[in-house]
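[1] give me coordinates for this.
(one chain, ligands or ions: 1)
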Amino acid sequence: MIPPGETIGILGGGQLGRMMAFAAARLGYRVHIYAPEPDSIAAEVCSRFTCAEWDDAAAMARFAAECAVVTYEFENVPVAPLAALGNVPLLPHPRALETAQDRLNEKAFVQRLGGTAAPFMAVDSAADLTRAMAEIGTPGILKTRRDGYDGKGQWRIMSPADADALDLPAVPLIYEGFVRFFGEFSVILARSAGGNVHFWDSAENVHENGILDTSTVPANPRVAAQVPAARALAQKVAEALDYVGVLTLEFFATDDGPVCNEMAPRVHNSGHWTIEGALTSQFENHIRAICGLPLGLTTLAVRGAVMRNLIGDEAHDWPAILADPANHLHLYGKAAARPGRKMGHVTRLTLG
Ligand code: AMP
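    All right, here's what the predicted structure looks like:
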């Protein structure tokens, strides 16, 4: 067990790290952020900040020397440089990063555990793409295997003509069949070092242009009916990885049952409602899990909650948002409101 007062290291300096840091501070921990960007919004609320590239082994080793445990808020942290952390525990185990960083590995892993994924094929050339479209059909989505997020690195292919018009990027790709879904939802769980698993209520998620727009709990009953099967898969994933911390799996709800879209070995945007809407938030239980503390209850504390992301200029609406006293406003303190950038979120609770 890592007692309060010790320092937790967080790799990555975005809003997830910032909200993890708030939860850690509440439990009496100190937080040290490691991120390559000098304007880290997580570092602004922490006592220590190492601003260095991921492959700066000396900086990584100095960072580790000050931490009792290290975790991550960003799933594209390169795995090889993490060797410089030496004997300081890194949780969740980096095997979760390796699995989740490559969409091809991730889907194969989910299928090995008995889950369903969209039909997929690896694409490394125009000829591969032609073969994949012939095998899987159109419409489909071409995605970069690595480093994609918020709909970046994705191309919708409605017909082979779309593929002809594409200038294929010179990185490994994956072609996925388009899943006909009637809803999207996520399963978020926390697993303790001793193997206890707690699930939060599954939020129903709506995406706009590949970016999460809203997460609503409870999900509508048709979507909620798919949660038990999805949870069973998420639990298998957590056990297979001997996972410690918060793990997220995103699903499509289809007439044939849940189809797993992707996993994130971390706290997740679709779980932000848990800060006010659950007895223990995803951020607090992540900190508890990696420090070896008992987990808190994940039960819904309200009748319902709707979390809406504030993207780009939407964050400027904060006076109107605060004018509704049932709203909880979170602004991340990012300087530039670029289109598509997550600037904050608002959670509206419905009480019982
Ligand atoms: P991703 O980056 O894989 O999480 O995709 C972002 C969003 O794009 C998803 O939440 C879906 O709304 C949509 N999407 C991604 N992959 C597929 C697919 N194979 N079929 C249908 N919609 C998809």
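
[2] list the contacts of the longest helix along the chain.
    Once the chain is assigned using DSSP state H, the helix that runs over the most residues is helix 227-240. Under the contact criterion Cβ atoms under 8 Å, 6 or more residues apart in numbering, helix 227-240 has outside partners 109-110, 113-115, 185, 187, 189, 191, 195, 197, 199, 202, 219, 243, 247, 249, 251, 257-258, 260, 263. Any C-beta I mention is one placed from the backbone N, CA and C, and that applies to glycine too.

[3] repeat for stretch 43-63
    Contacts of stretch 43-63 (Cβ under 8 Å, 6+ apart): 7, 9-10, 13, 18, 21-22, 25, 30-38, 40, 66, 70, 77-78, 80-86, 333.

[4] show the pLDDT at the closest residue to the ligand within the stretch 1-150 of the chain.
    In the stretch 1-150 of the chain, the residue that lies nearest the ligand is residue 118 (4.0 Å; Cβ to the nearest ligand atom). Predicted confidence (pLDDT) for residue 118: 97.

[5] for it, give me its contacts.
    Shown in contact with residue 118 (Cβ under 8 Å, 6+ apart): 107, 176-179, 252, 259, 261.

[6] so which bits of this structure are right by the ligand?
    Residues of the chain found near the ligand (Cβ under 6 Å from any ligand atom) are 118, 141, 148, 151, 176, 178-179, 184, 207, 210, 250, 261-262.

[7] in PyMOL, how would I select just the buried ones from those?
    Of those, the buried ones can be selected in PyMOL as follows, counting by 16 or more other Cβ atoms under 10 Å:
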select buried, resi 118+141+148+151+176+178+179+184+210+250+261+262
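
[8] lowest-confidence one in the residues of the chain next to the ligand?
    Out of the residues of the chain next to the ligand, that is residue 151, at 73.

[9] for that one, which non-adjacent residue is closest in space?
    residue 210 (1.8 Å; Cβ to Cβ, 6 or more residues apart in numbering).

[10] show me what contacts the one you found?
    150-152, 154.

[11] just residue 214 next, same as before
    205-206, 306-309.

[12] bridging residues for it?
    residue 206, residue 308 (DSSP bridges).

[13] circling back to that earlier point, of the contacts of residue 214, buried ones?
    By 16+ other Cβ under 10 Å, those give 205, 306-309 as buried.

[14] let me know the closest of the residues you listed to residue 129.
    Closest approach to residue 129 among the buried ones among the contacts of residue 214 (Cβ to Cβ): residue 205, at 28.6 Å.

[15] surely that closest one is in contact with residue 188?
    No: in this structure, residue 205 is not within contact of residue 188 by Cβ atoms under 8 Å, at 11.1 Å.

[16] which residues are common contacts for these two?
    residue 270.

[17] quick one, helices of the stretch 251-352 of the chain?
    With DSSP state H, counting those that start in this stretch, the ranges of helices along the stretch 251-352 of the chain come out as 274-277, 282-290, 318-323.

[18] and the helix or strand of the chain with the lowest mean pLDDT, which residues are buried?
    Least confident helix or strand, the chain: helix 160-165 with a mean of 86, by mean pLDDT, DSSP states H and E. Neighbour counts over helix 160-165 (16+ other Cβ under 10 Å) mark 162-163 as buried.

[19] next up, the contacts around the nearest residue to residue 252 once chain neighbours are set aside.
    What sits nearest to residue 252 in space, not counting adjacent residues and going by Cβ to Cβ, 6+ apart, is residue 181, at 3.6 Å. Contacts of residue 181 were listed using Cβ under 8 Å, 6+ apart, and they are 252-254, 259.

[20] ok, and the most crowded of those residues?
    residue 253 (25 neighbours; other Cβ atoms under 10 Å).

[21] assess the claim that residue 99 and residue 264 are in contact.
    No: between residue 99 and residue 264 there is no contact under Cβ under 8 Å: 11.0 Å.

[22] more neighbours, those two?
    residue 264 (22 against 19).

[23] ok, the closest residue to the more buried one other than its chain neighbours - contacts?
    Of all residues not flanking residue 264 in the chain, residue 248 sits nearest, at 4.3 Å (Cβ to Cβ, 6+ apart). When contacts are counted by Cβ under 8 Å, 6+ apart, residue 248 touches 186-188, 263-264, 266-268, 270-271.

[24] tell me the angle of the helix or strand hosting residue 248 relative to helix 282-290?
    Here residue 248, judged by DSSP states H and E, is contained in strand 245-254. With axes from the mean of the first three to the mean of the last three Cα atoms, to 10 degrees defining the directions, strand 245-254 sits at 130 degrees from helix 282-290.

[25] what lines up beside strand 245-254 in the sheet?
    strand 183-191 (antiparallel), strand 257-264 (antiparallel).

[26] of those, which stretch is the most buried?
    Most buried of these, by mean neighbour count (mean count of other Cβ atoms under 10 Å): strand 183-191, with a mean of 25.
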